[in-house]
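In: Here's a sequence, model it:
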Amino acid sequence: MLTINYGKDYVKTAYDALAASDIKTYLQKNIAVSIKPNLVVERPASEGATTHPEVAEGIIQFLKDFGIKEIKIIENSACGHSTKLAFRSCGYEALQKKYNVSLKDLKDDRFIPLKHEGIDFQISETALNSDFLINVPVLKAHCQTRLTCCMKNLKGCMPQSEMRRFHSLGLHKPIAALNVLLKTHYCVVDGICGDLSFEEGGTPIEANRIIAGQNPLLTDSYCAELIGYNPDDIGYLSYGIKYGVGEYYSQKTKIVELNTEHKPVCRINSEGTQSVPRIADKYRSLIDEDRACSVCYAALIFALHRKGGSMRGRKICIGQGFKNKGSAYTGAASSLRTAGSSECLGIGNCTQGFKNYVKGCPPKAADILGMLP
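Out: Just a heads-up that it's a prediction; the model follows:
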């Protein structure tokens with residue numbers, strides 16, 4: 001079952017979505033609940049990257065009315081970003097004071113070693129020990145995995161070193177395996193204005209929509225279709241099926257829609273389909289990527305978008321696959337080939353063997369912009 005509610009009063013929209021959902025089937029009184037938003041960066045939710053505090057507030061109100069007394073909000077922001085600053089700048093400190101809920105920066109947590117499908121993990125003890133984990137991602141695009149929603153949001157329950165290692169493993173398989181080891185008990189998707197181009201925001205698309213469902217894979221597969229992908233287009237969803245995380249949304253899935261009169265009007269292009277900017281896809285042909293971290297890749301996309309995308313015949317190399325490769329390098333792991341590192345601009349410290357590279361882990365978009373020809 002999936003419940004979709006529309007409206008601009010985001011607290012009420014989230015509350016009513018849960019009230020109409022089947023969460024009471026799984027929720028019990030006198031348990032501790034952890035809420036896991038997506039606070040990947042220290043930016044307001046209106047930019048399309050982070051979970052609206054109003055959505056979390058609606059969930060808190062619902063839980064308190066149900067009889068839940070112990071509620072904490074848990075998160076670990078992306079590499080190079082401060083969770084504590086994100087709590088403050090994204091409006092979560094205000095929720096802490098208003099509702100007397102706890103804020104837990106998982107950077108300070110103890111991590112438990114686990115293993116699945118031959119992959120070693122370090123997972124937050126707080127998240128693992130939660131009686132009931134409510135996953136509250138933003139429905140938005142991702143520059144590498146195309147979609148980031150419920151399943152990928154659990155990456156914030158690992159130390160930053162693990163986040164980087166996920167990229168060296170190819171993202172999709174470890175994301176699916178993580179969802180086997182760390183159980184999401186319920187999902188509340190912030191589909192209000194997620195960025196449908198890439199994960200750090202900047203080009204939000206208004207939808208005013210909250211999606212509630214019990215299974216993260218089913219919920220993600222539904223959300224993938226909302227932004228124009230088939231579930232099999234998203235690698236970690238396919239792995240999730242293989243690992244038994246759940247099943248895809250289908251015509252058999254019960255859908256409850258509320259307040260459909262509040263659906264925003266879609267912008268239609270000349271071909272009769274919704275017009276959604278695909279910023280990351282627009283610049284993909286310029287990039288030779290090999291196991292790049294998302295935060296590094298997103299900085300590059302932002303810089304290219306600001307520049308306009310012209311590289312005058314040069315390629316850009318980014319990712320952990322370029323470590324220890326210098327002037328003798330003649331090609332990358334992907335199908336895009338370069339004539340040599342001296343002709344390829346490296347992005348991030350992983351490319352420090354290149355003649356021309358932008359320092360940083362992750363580098364700043366402004367620094368990348370300054371190096372673009």
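
In: quick one, helices of the stretch 1-150 of the chain?
Out: Along the stretch 1-150 of the chain, the segments classed as helices by DSSP state H, counting those that start in this stretch run 10-20, 53-66, 83-89, 92-99, 125-128, 150-153.

In: what comes up buried for the fifth one?
Out: Right, helix 125-128. 126-128 (16 or more other Cβ atoms under 10 Å). Yep, even glycine has a C-beta here, placed from its N, CA and C like the rest.

In: Looking at the residues you listed, which is nearest Asp190?
Out: Nearest to Asp190 among the buried residues of helix 125-128 is Ala127, at 18.9 Å by Cβ to Cβ.

In: I figured the closest one hits Leu133, correct?
Out: Yes - with contact defined as Cβ atoms under 8 Å, Ala127 counts as touching Leu133 (6.4 Å).

In: just to revisit the earlier point, export the helices of the stretch 1-150 of the chain to a markdown table and tack on mean pLDDT?
Out: Below are those laid out as a markdown table (pLDDT from 0 to 100):
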| stretch | mean pLDDT |
| --- | --- |
| helix 10-20 | 98 |
| helix 53-66 | 98 |
| helix 83-89 | 96 |
| helix 92-99 | 97 |
| helix 125-128 | 98 |
| helix 150-153 | 97 |
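
In: Quick check: which of these has the most neighbours on average?
Out: Most buried of the helices of the stretch 1-150 of the chain, by mean neighbour count (mean count of other Cβ atoms under 10 Å): helix 150-153, with a mean of 28.

In: Tabulate the buried residues of helix 125-128 in TSV, adding columns for distance to Lys364.
Out: Shown next, in TSV, are the buried residues of helix 125-128 (distance: Cβ to Cβ, whole Å):
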residue	distance to Lys364
Thr126	31
Ala127	30
Leu128	34
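
In: Considering those residues, which is situated nearest to Lys36?
Out: The nearest member of the buried residues of helix 125-128 to Lys36, counting by Cβ to Cβ, is Ala127 at 7.1 Å.

In: Excluding residues flanking it in the chain, which one is nearest that closest one?
Out: Nearest non-adjacent residue to Ala127, counting by Cβ to Cβ, 6 or more residues apart in numbering: Cys157, 4.1 Å away.

In: Just give me the neighbour total for the one you found.
Out: Using other Cβ atoms under 10 Å, the number of residues around Cys157 comes to 29.

In: can you pull the contacts of it?
Out: Going by Cβ atoms under 8 Å, 6 or more residues apart in numbering, Cys157 touches 36, 74, 76, 106, 123-124, 127, 178, 182.

In: And Asn135, by the same measure?
Out: Contacts for Asn135 (Cβ under 8 Å, 6+ apart) come out as 36, 150, 153-154, 184, 186-188, 216.

In: For Leu345, give the beta-bridge partners.
Out: Counting by DSSP bridges, Leu345 forms beta bridges with Ile316.

In: That one contacts Ile318, correct?
Out: No - assessed by Cβ under 8 Å, Leu345 is found out of contact with Ile318, at 9.1 Å.
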